[in-house]
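> need a structure here:
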Amino acid sequence: MSTINPVPAPVPGEGPHAEPDDREEIYFEGSPPVRALAGKMCLYVLIGLALLAIAALLIHKHIGPWWVLVALIVAALVMPLVPWVLTKCVRYRISNYRIDFERGLLTKNIDTMELWHVEDLHFHQSLLNQILNVGTITVLSRDETMPHLELHGIPNPRPLYEMLKQRVIAVKRQRGVIKMDPG
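Take a look at the predicted model:
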């Protein structure tokens, strides 16, 4: 009677046929915080106050129909909500392989930029943005549909910027992308 020695099961991650670890890791997903639009928020509050002042003046002088006054008051109360709505109309999903840029309120448009298309990254953070810990990362790429993408209002932007720089290099290496300088 002969015994058959069982072949040990392959250990994941070892051997010539190891599965590549190409899982997508999300670095950031969400909308910019309202604080990213602090300047616009102040502007819209001032516009709302101006509309209230106009409505008060019209009421005091007994000028205009009642519906104009109601419209002015409603518009004045809605004005401070505009920056919040603007931030909720934009959504970013930034991973180790791609950037998804979603926008729209009633209809949605989503554009995707693969990181291996990225040519350059730019980081900007004004003094107010530094205080509020938000910033803008600009992505320049060879993507025909979206060669220039500005990611506005990214919270805690510097670590994400540094990570994206490293991932762009790594993804290009994985895909064998070689940069050719004309010359």
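
> drop to CA atoms for contacts and neighbour counts, all remaining ones
OK.

> Next SSE downstream of the biggest helix by length in the chain?
Within the chain, and with DSSP state H defining each element, the longest helix by residue count is helix 38-61. Counting by DSSP states H and E, the next helix or strand C-terminal to helix 38-61 is helix 66-78.

> okay, whichever helix or strand comes after that next one in CSV with CA atoms only?
As assigned by DSSP H and E, the chain's next helix or strand after helix 66-78 is helix 82-88. Extracted in CSV, the C-alpha atoms of helix 82-88 (Å, rounded to 0.1, in the frame of the first residue of the first chain):
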residue,chain,number,x,y,z
VAL,A,82,-25.6,78.9,-1.1
PRO,A,83,-22.0,78.0,-0.1
TRP,A,84,-23.2,74.9,1.7
VAL,A,85,-25.2,73.8,-1.5
LEU,A,86,-22.1,74.6,-3.6
THR,A,87,-19.9,72.2,-1.5
LYS,A,88,-22.5,69.5,-1.6
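
> And helix 82-88, what's buried?
83-84, 86-88 (16 or more other Cα atoms under 10 Å).

> Pick out whichever of the residues you listed sits closest to Val118.
Using Cα to Cα, Thr87 is the member of these that lies nearest Val118, at 24.9 Å.

> Does the residue nearest to the closest one when sequence neighbours are not counted belong to a helix, a strand or coil?
Excluding its sequence neighbours, the residue lying closest to Thr87 (Cα to Cα, 6 or more residues apart in numbering) is Pro32, at 5.7 Å. Put simply, Pro32 is coil when judged by DSSP: H, G, I helix; E, B strand; the rest coil.
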